[in-house]
Every structure is written in structure tokens, then in C-alpha cells.
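Can you look at this prediction? I've put the sequence above it.
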Amino acid sequence: MFADIIRNANSEKEIYRLLTSYIETVRHSQKSQGRIPEPLTRLPLNGITDVKTRFTQLMVELDKASKSLDDHSCATIKESMHALGVALNRLNILNEQQSKRSH
């Protein structure tokens, strides 16, 4: 559901607002669980490079959780990767559209 909302976002600002809301929800829901390392849920987001870095770091965390056979952490991390991946895709599409308009 969250991914669908991001897919339909019409601006970078809207995507970052949605991602911020998502991260706040993750932070709140895992306060006692600590499934995603705190640096990956820090706010504010600092642009597309920051989102890409967090996505890459989530892949590392998924590998660790998978090796530990921690299914719950794997599911949480995969969900976060999906959200960030969809956001990155949408940000790239919007950047391409903006590039075409300015040429």
C-alpha cells in the first residue's frame, strides 16, 4: 500500500514527506525491537544519495539477518527496502521528466 502511494507521488517533496512519515512509523514500531539500525532511521533525509545509501545499507542488514535466521528482522528489512526502492525509482523518473522539460 505504501509503495502504491509513492508510485503516484507527483513531486520529490511529496516523496520525501512520505518517506519521512514511513521512517517515523518504523522508528516508533521498533523502539524496543531494534530490527533496523538507528543510523538507517535517522531524520532528516538528505536527498537521493542519502536514500540510495540507506537502501544499500539495508541490503547489508538483510544479509546479516538472513545469516542469523532472523525471519522477523528479514521481513521488516525487506519491507523497508521495498519502500526505499520504490521511492528511488520514482525519484529517478521525476528527475528524468524534469530533465526532458528543461531541454
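Thanks, I have the structure now.

drop to CA atoms for contacts and neighbour counts, all remaining ones
Fine.

buried sites along stretch 52-59?
54, 55, 57, 58 (16 or more other CA atoms under 10 Å).

residues in contact with it?
40, 77, 80, 81, 84, 85, 88 (CA atoms under 8 Å, 6 or more residues apart in numbering).

which residues touch the residue nearest to residue 66 when sequence neighbours are not counted?
Distance criterion CA to CA, 6 or more residues apart in numbering; nearest residue to residue 66, sequence neighbours excluded, is residue 74 at 6.3 Å. When contacts are counted by CA under 8 Å, 6+ apart, residue 74 touches 62, 65, 66.

Name only those of those residues that count as buried.
Counted by 16+ other CA under 10 Å, these give 62, 65 as buried.

Identify those among the contacts of residue 74 that sit within strands.
Secondary structure assignment by DSSP state E places none of these in strands.

want to throw the contacts of residue 74 into TSV with pLDDT?
Shown next, in TSV, are the contacts of residue 74 (pLDDT from 0 to 100):
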residue	pLDDT
62	96
65	94
66	95
